[in-house]
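Colleague: Model the structure of this input:
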Amino acid sequence: MRPALDLLRELQKTGDIFFPKQWMDATLSSQRSPEAAAMVRQFLTAHPELPQRLRWVVLNAADDLFRAVKRGPRHRPGRERPYRYCRVTLAIWTGGVG
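Modeller: Okay, the predicted model is just below:
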């Protein structure tokens, strides 16, 4: 993941205007670990000269990652809780009343 972050400036210079966003989305969309979130934060801290537009691209692409880490491990993909129905919902669906 770090090499992809390091290539961001080069991609902006050589690629089309929308490519850095697509690059970051593809790089970060499957990431959910605290280590990945820390790597993104470290990258942004280590590169204060990064243009504001690229900083926003990285933050936008990392938003789901940051949220997943904040929610914790039990809410990461593959670990969803089963849906629990309340008695009223079950009564409505089954035609009964409690």
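Colleague: Which residue ranges of this protein form helices?
Modeller: Secondary structure of the chain, counting by DSSP state H: helices at 2-6, 8-14, 19-28, 34-46, 52-71, 87-94.
Colleague: Now do the longest one and helix 19-28, the angle between them.
Modeller: Computed by axes from the mean of the first three to the mean of the last three C-alpha atoms, to 10 degrees, the angle separating helix 52-71 from helix 19-28 equals 20 degrees.
Colleague: ok, now the fourth one?
Modeller: Orientation of helix 34-46 against helix 19-28 (the same axes, to 10 degrees) gives an angle of 150 degrees.
Colleague: For helix 34-46, name the packing helices and strands.
Modeller: helix 2-6, helix 52-71 (3 or more C-beta pairs under 8 Å, 6 or more residues apart in numbering; DSSP states H and E). Glycine gets a C-beta too; all of them are placed from N, C-alpha and C.
Colleague: Which elements pack onto the longest one?
Modeller: In other words, helix 52-71. Using 3+ C-beta pairs under 8 Å, 6+ apart, the elements in contact with helix 52-71 are helix 8-14, helix 19-28, helix 34-46.
Colleague: low-confidence ranges in this structure?
Modeller: Along the chain, segments meeting pLDDT under 70 span 74-98.
Colleague: how about the helices of the chain in a markdown table, adding mean neighbour count?
Modeller: What follows is the helices of the chain, written out as a markdown table (neighbours: other C-beta atoms under 10 Å):
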| stretch | mean neighbour count |
| --- | --- |
| helix 2-6 | 13 |
| helix 8-14 | 14 |
| helix 19-28 | 18 |
| helix 34-46 | 15 |
| helix 52-71 | 16 |
| helix 87-94 | 10 |
